[in-house]
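Novice: Provided below for reference: sequence and predicted model.
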Amino acid sequence: MFAAACRRRSLLRAQKRPFCSTSTARNVPDGSRNDSQSSSSDLESLPTTKPLQRRAERKRRQGGETFLDHVIINVRGGRGGNGCVAFHREKFKPMGPPSGGSGGRGGDVYIMPTPTLTTLSSIPKRTRGLPGGSGQGTWQNGRNASPTIIKVPLGTVVRELPRDDPRRAKDEWEAEEESLGELSFEERRAKMLGNRWVHYPRYEDDNVNRDIFKQAEASLWREERERRWARVQRARNPIHLDLSEVEEEVPDVNAPLALGRTEYLGHLVSRGGNGGLGNPHFLSPINRSPKFATKGQDGERITLELELKIIADIGLVGMPNAGKSTLLRALTGGRARTEVASYAFTTLNPVVGVIRVSDDGTFEGELQGVRVFEETAIEEARILEQEMEEESEKAEVKPSSEQGASPTLANTSASESAFGPGHHFDILESFRFTIADNPGLISRASEDVGLGHSFLRSIERSHALVYVVDLSGPAPWEELSILKGELEKYLPGMSEKARLVIANKADLLASDSGEQAVAEAKEKLAKLVHYVRTELALGDGTGGSAMRVMDVVPISAKFSQNLKKVVGLMQTYVVEARDRDR
Ligand SMILES: Nc1nc2c(ncn2[C@@H]2O[C@H](COP(=O)(O)OP(=O)(O)OP(=O)(O)O)[C@@H](O)[C@H]2O)c(=O)[nH]1
Ligand SMILES: [Mg+2]
């Protein structure tokens, strides 16, 4: 019931969302493509009427800041609770012993991978462990704070920033030093003592001049120096975690029976501070009435760099509106949930899809029968329409009869019934690889224009790259030169990973089947091939002088034409790349 209601709601949302007709679909991309080629600032002028488009515009204006596959976070363990200065009071016992409790430990901070998250955007920039409880009279110790767990998506790499990195936050001693600023020696000492000691009311001046306090102070400094040294030592082994798998604690088989199981918390990144000591800790034969206690220690402060690995075998690189998302949807039979629409920057984050191929080169998307991969919103609206039609038909016939099921079965094509989407392909699958659909790359993207170069990292991590260009545009070869230039500017040598040029939207050229149109299309394709052969010849990947020519394949992603050849070529690149890695 609930699922059905949710589905209906999402479909209604789809219906409300405005979508453009095929004619606008043609007009907008061309304009925006030319804009993006000439100058990204012209893109500001794009009409921003649709919610998705508005979101894309907003995101683009932020210069890729919100695309979170990389964040730097500051983590601080919880502060320990303060110790207490108190004396036991009882009837007929006016001078009782010191009875101040110690403070509780501050909370530790852990980091744990979880499969429920897919982006780093929900990770707080600052995390602070919970503070420990302060000690109280009659020997009541403060409670230890519970730990804090930072949940990160699977595939996150966690690195601690080294001490010399300017992005690192100051540790507790550096922060204290900064707060003391230009104070005189006496003022500094007074402030530092105030940060570390708790005194019995009105006894502060008396305490600081007593030898017994000076001894306690010296031992506290010693202990603090050791802690500081240990921290420097630990920084030589900075935290480096690769959280690619779901983790859970494996219970120790040799553990005694009936031992309570502790919950798995993940990896400890920052320890909470120890609690302060209550005044009974300073009781000695020469000091029967210690009137001071220590404050809780600060938690460990650490700066972590989190990076989400989006490693795909193949990365699609193209201008906005070239049809990258449509291609991924066609290759996965619509399973890859990536948005398709006729305006620039529809795709805001890389989306990874899995391509499953059988022995004879058939890929999963092909088995969905002839299907047109149009804009997502149009598709959603169409499904809604179909559903509404079905519902009205059902209402006309009889809702409970079993006959309702047979017409649906009869309508399904033979190929669909034999290999429905999903697990039916498991029997045939012999090879699988992943493709990342990336946001559109525009000129000066490497200078953080457009969606910035945040997603160029994902392109960098793909084993092989595939250019997608719009063949219906006036000069697809210009797109190629911009794409190559941007990749090189971002990381010299990155364009060497490109293996294939996909000339998409080939259907638009020969749609009217006029002889002249077909001749023009052929000429344009020949020109593109010539450009690729002459300008984009690559090294053979071994650093030798041998040259490798890139393949050029004309396709129509929307109408699933010539995709088998593309999948076959991609498969060979992936096999080569994997062999090389091995
Ligand atoms: N006629 C035709 N239209 C296509 C084809 N492939 C994509 N389109 C259309 O081109 C427009 C843009 O497609 P997308 O797949 O969103 O393009 P994209 O490269 O992912 O765009 P960004 O995400 O903005 O970078 C949509 O209106 C598609 O329907 C094709 O082969 N033929
Ligand atoms: Mg896209």
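Specialist: Done, it's in. Numbers count the residues shown, from 1 in each chain. Ligands and ions are numbered 1, 2, ... in the order given.
Novice: Could you use CA atoms for every contact and neighbour count after this?
Specialist: Noted.
Novice: Contact partners for residue 393?
Specialist: By C-alpha atoms under 8 Å, 6 or more residues apart in numbering, no residues touch residue 393.
Novice: Is it located within a strand, as I assumed?
Specialist: No: if the criterion is DSSP: H, G, I helix; E, B strand; the rest coil, then residue 393 is helix and not within a strand.
Novice: do you know how far it is from residue 385?
Specialist: 12 Å (C-alpha to C-alpha, to the nearest Å).
Novice: go on, residue 323?
Specialist: 25 Å.
Novice: How about residue 554?
Specialist: Taking C-alpha to C-alpha, one finds residue 554 at 33 Å from residue 385.
Novice: between the two, who's got more neighbours?
Specialist: residue 554 (22 against 14; other C-alpha atoms under 10 Å).
Novice: and the closest residue to that one other than its chain neighbours, what does it touch?
Specialist: With C-alpha to C-alpha, 6 or more residues apart in numbering as the criterion, residue 554 has its nearest non-adjacent residue at 4.4 Å, and that residue is residue 503. Residue 503 sits next to 468-471, 552-555 when contact means C-alpha under 8 Å, 6+ apart.
Novice: so which of those residues also contact ligand 1?
Specialist: Filtering the contacts of residue 503 for proximity to ligand 1 by C-alpha under 6 Å from any ligand atom leaves nothing.
Novice: which residues of the stretch 201-350 of the chain fall in strands?
Specialist: In the stretch 201-350 of the chain, the strands defined using DSSP state E, counting those that start in this stretch lie at 240-243, 267-270, 292-294, 301-308, 314-318.
Novice: Could you point out which of these sits nearest ligand 1?
Specialist: Checking the strands of the stretch 201-350 of the chain against ligand 1 by C-alpha to the nearest ligand atom gives strand 314-318 as the closest, at 6.3 Å.
Novice: So what's the gap between that closest one and the chain middle?
Specialist: Centroid separation for strand 314-318 versus its chain: 18 Å, with C-alpha atoms, centre = their mean, to the nearest Å.
Novice: same check, this time on stretch 496-514
Specialist: With C-alpha atoms, centre = their mean, you get 32 Å for stretch 496-514.
Novice: now do stretch 135-145
Specialist: With C-alpha atoms, centre = their mean as the basis, stretch 135-145 stands 41 Å off its chain's centre.
Novice: And stretch 287-303, by the same measure?
Specialist: 39 Å.
Novice: in that stretch, what's buried?
Specialist: 289-303 (16 or more other C-alpha atoms under 10 Å).
Novice: tell me which element residue 159 falls in.
Specialist: Secondary structure from DSSP states H and E places residue 159 in strand 156-160.
Novice: ok, residues contacting that strand?
Specialist: Under C-alpha under 8 Å, 6+ apart, the answer for strand 156-160 is 113, 238-244, 302-309.
Novice: hmm, which of those residues are the buried ones?
Specialist: For the contacts of strand 156-160, buried by 16+ other C-alpha under 10 Å: 113, 239, 242-244, 302-309.
Novice: domain assignment for this protein?
Specialist: 66-247+264-308, 312-369+426-581 (the TED database).
Novice: and those as CSV, adding distance to residue 253 and mean pLDDT?
Specialist: Converted to CSV, the domains of the chain look like this (distance: least, C-alpha to C-alpha, whole Å; pLDDT from 0 to 100):
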stretch, distance to residue 253, mean pLDDT
domain 66-247+264-308, 16, 91
domain 312-369+426-581, 37, 81
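Novice: Residue 257 is nearest to which of the ones you listed?
Specialist: domain 66-247+264-308 (18.7 Å; C-alpha to C-alpha).
Novice: Next up, the contacts around the nearest residue in space to residue 269 that is not next to it in sequence.
Specialist: Spatially, and ignoring its direct neighbours in sequence, residue 269 is nearest to residue 110 (5.5 Å; C-alpha to C-alpha, 6+ apart). Neighbour list for residue 110: 147-150, 265-270 [criterion: C-alpha under 8 Å, 6+ apart].
Novice: For those, work out which two are farthest apart.
Specialist: Largest pairwise distance in the contacts of residue 110, by C-alpha to C-alpha, is 12.7 Å, between 265 and 270.
Novice: dump the residue contacts of residue 557.
Specialist: 323, 326-327, 330, 373, 504-505, 563.
Novice: Can I get the residues you listed in CSV including distance to residue 363 and neighbour count?
Specialist: Formatted as CSV, these follow (distance: C-alpha to C-alpha, whole Å; neighbours: other C-alpha atoms under 10 Å):
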residue, distance to residue 363, neighbour count
323, 19, 28
326, 16, 29
327, 13, 26
330, 10, 27
373, 16, 22
504, 19, 27
505, 20, 22
563, 9, 23
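Novice: could you dump these to JSON lines with distance to residue 226?
Specialist: Formatted as JSON lines, the contacts of residue 557 follow (distance: C-alpha to C-alpha, whole Å):
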{"residue": "323", "distance to residue 226": "61"}
{"residue": "326", "distance to residue 226": "60"}
{"residue": "327", "distance to residue 226": "60"}
{"residue": "330", "distance to residue 226": "62"}
{"residue": "373", "distance to residue 226": "65"}
{"residue": "504", "distance to residue 226": "65"}
{"residue": "505", "distance to residue 226": "68"}
{"residue": "563", "distance to residue 226": "65"}
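Novice: closest to residue 461 among those?
Specialist: Closest to residue 461, out of all of these and judged by C-alpha to C-alpha, is residue 327, at 20.1 Å.
Novice: Can you list the buried residues in the top helix by length along the chain?
Specialist: Counting by DSSP state H, the longest helix found in the chain is helix 211-235. The neighbour-count check on helix 211-235 (16+ other C-alpha under 10 Å) flags 213, 217 as buried.
Novice: quick thing: my sequence starts at 26, can you match it?
Specialist: New numbering, starting at 26: the last item is helix 236-260.
Novice: and the angle from that helix to strand 326-333?
Specialist: 20 degrees (axes from the mean of the first three to the mean of the last three C-alpha atoms, to 10 degrees).
Novice: Off-centre distance for stretch 549-562?
Specialist: 37 Å.
Novice: Then stretch 290-298?
Specialist: On C-alpha atoms, centre = their mean, the centre of stretch 290-298 falls 22 Å from the chain's centre.
Novice: Same question for stretch 124-131.
Specialist: With C-alpha atoms, centre = their mean, you get 40 Å for stretch 124-131.
Novice: Repeat that for stretch 452-466.
Specialist: Going by C-alpha atoms, centre = their mean, where stretch 452-466 is centred and where its chain is centred differ by 19 Å.
Novice: Then stretch 116-124?
Specialist: Counting by C-alpha atoms, centre = their mean, stretch 116-124 comes out at 60 Å from the chain centroid.
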